[in-house]
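Asks: Can you look at this prediction? I've put the sequence above it.
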Amino acid sequence: DTEVTQTPKHLVMGMTNKKSLKCEQHMGHRAMYWYKQKAKKPPELMFVYSYEKLSINESVPSRFSPECPNSSLLNLHLHALQPEDSALYLCASSLRRGNEQFFGPGTRLTVL
Amino acid sequence: AQKVTQAQTEISVVEKEDVTLDCVYETRDTTYYLFWYKQPPSGELVFLIRRNSFDEQNEISGRYSWNFQKSTSSFNFTITASQVVDSAVYFCALSEAFGGSEKLVFGKGTKLTVNP
């Protein structure tokens, strides 16, 4: 199994909703990442988990809350988002530093 | 701070033409890794190649080739005999050590359109 899966593919939510994005990989990778990508821009790193511990938080607002329940799963909990948070959210994983990151297909999020 | 520059914002070619995408990077690390990713309209980032700073050998994979030159801090990507399916945004990226982990620094991307 050499893929990263993400659910849902699309999500529309209101500013008062609480929702979660899910990411899963079964490649034995120990680093997992959340990125945010706006249209016509490169991906921007949000969080990095290394061996299930949060190792990088790129000053992301607290309305985004990551969670890594085990080495295969990564969640991103969303609460009280703003319309400007609408974007493609990409999950990735890698074996270790210097190795390529494999990306999931992304969740396209729209905040109304 | 690390930086990746992809000066070409958009390139348009006709099928079967060769095309080179430029990538220039800045880093103070002696050990670093460079990557190219393809992002077709579907949105998924597809890994193409990884190169570490100690390996300056050029690489060819089918119609794709990469030219890594440390002397000019460049890691250029050439598609030979381009095809419509090559139409995508291509990102060059540099890995940056951060604590015990790493982060990818992406260039702004080059949008390649291959016309039939």
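Replies: Perfect, thanks for sending it. Residues are numbered from 1 along each chain as shown, chains lettered A, B, ... in the order given.
Asks: what are the bridge partners for the most centrally placed residue in chain A, then?
Replies: Residue closest to the average C-alpha location in chain A (Cα atoms, centre = their mean): A:Trp34, at 3.2 Å. According to DSSP bridges, the partner residues bridging A:Trp34 are A:Phe47, A:Cys91.
Asks: What is the top strand by length along chain B packed up against?
Replies: As assigned by DSSP state E, the longest strand anywhere in chain B is strand B:88-98. Strand B:88-98 is packed against strand B:3-5, strand B:33-39, strand B:74-79, strand B:101-106, strand B:110-115, with contacts defined by 3 or more Cβ pairs under 8 Å, 6 or more residues apart in numbering or on different chains; DSSP states H and E. For glycine as for every other residue, the C-beta is placed from the backbone atoms N, C-alpha and C.
Asks: returning to that earlier point: which residues touch the residue nearest to the centre of chain A?
Replies: Neighbour list for A:Trp34: A:23, A:45-47, A:66, A:74, A:76, A:89-91 [criterion: Cβ atoms under 8 Å, 6 or more residues apart in numbering or on different chains].
Asks: Can you list the strands that the lowest-mean-pLDDT helix or strand in chain B pairs with?
Replies: Every helix and strand in chain B was compared by mean pLDDT, DSSP states H and E; the lowest is strand B:101-106, with a mean of 84. In the sheet, strand B:101-106 lines up against strand B:88-98 (antiparallel) (DSSP bridges).
Asks: And the strand it pairs with, what's buried?
Replies: Of all the residues in strand B:88-98, those buried under the rule 16 or more other Cβ atoms under 10 Å in any protein chain shown are B:88-97.
Asks: quick one: buried residues of the lowest-mean-pLDDT helix or strand in chain A?
Replies: The least trusted helix or strand in chain A, going by mean pLDDT, DSSP H and E, turns out to be strand A:53-57, with a mean of 89. Buried residues in strand A:53-57, counted by 16+ other Cβ under 10 Å: A:55-56.
Asks: ok now the helix or strand following it, how far from the chain's centre?
Replies: Downstream of strand A:53-57, the first helix or strand assigned by DSSP states H and E is strand A:64-70. Mean-position distance between strand A:64-70 and its chain equals 9 Å (Cα atoms, centre = their mean, to the nearest Å).
Asks: Perfect, I'm done here.
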